[in-house]
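Colleague: Everything below, folded, please.
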Amino acid sequence: MKAGTATCALCHEAIRPDADVVLSPDFIAEDSDPLFCFSNAAIHRACFAVWGSRKTFVLRFNRVAAQLRYDDGTYLHMTAEGDLVRRRGGRPRTPPPPA
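Modeller: So this is what the prediction gives:
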């Protein structure tokens, strides 16, 4: 993240270079999705912690990310706090049918 160029997707305030942030990968392609603007976004961790849609967002990310495996079989998983960790194991679940 380049200093002075990022704003929080939730509060729309500037993100300082030393701020604790959640960085969301780009995982929602449909721009009509209500969570689209939070995909591929920077969010103050304090804003993320109190966000009403946080649980839904984390679940959506984890559902998508579990399908995308690295060559070594690991995949990204977002914790409830917004941290991204690599996990290993389990077969990718079959994606749910389109809504």
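
Colleague: Pro34 belongs to a strand, doesn't it?
Modeller: No - secondary structure assignment places Pro34 outside any strand; it is coil (DSSP: H, G, I helix; E, B strand; the rest coil).

Colleague: any idea how far Asp72 is from it?
Modeller: 34 Å (C-beta to C-beta, to the nearest Å). Backbone N, C-alpha and C define where each C-beta goes, glycine included.

Colleague: what do you get for Glu81?
Modeller: Separation of Glu81 from Asp72 (C-beta to C-beta): 25 Å.

Colleague: With neighbour numbers in mind, choose between these two.
Modeller: Set side by side, Glu81 and Asp72 show more neighbours around Glu81, with 11 against 8, by other C-beta atoms under 10 Å.

Colleague: Now stretch 76-95: buried residues?
Modeller: Applying a neighbour-count criterion of 16 or more other C-beta atoms under 10 Å, the buried positions in stretch 76-95 are Leu76, Met78, Gly82.

Colleague: what's the first-to-last distance across stretch 61-72?
Modeller: With C-alpha to C-alpha, to the nearest Å as the measure, stretch 61-72 spans 20 Å from end to end.
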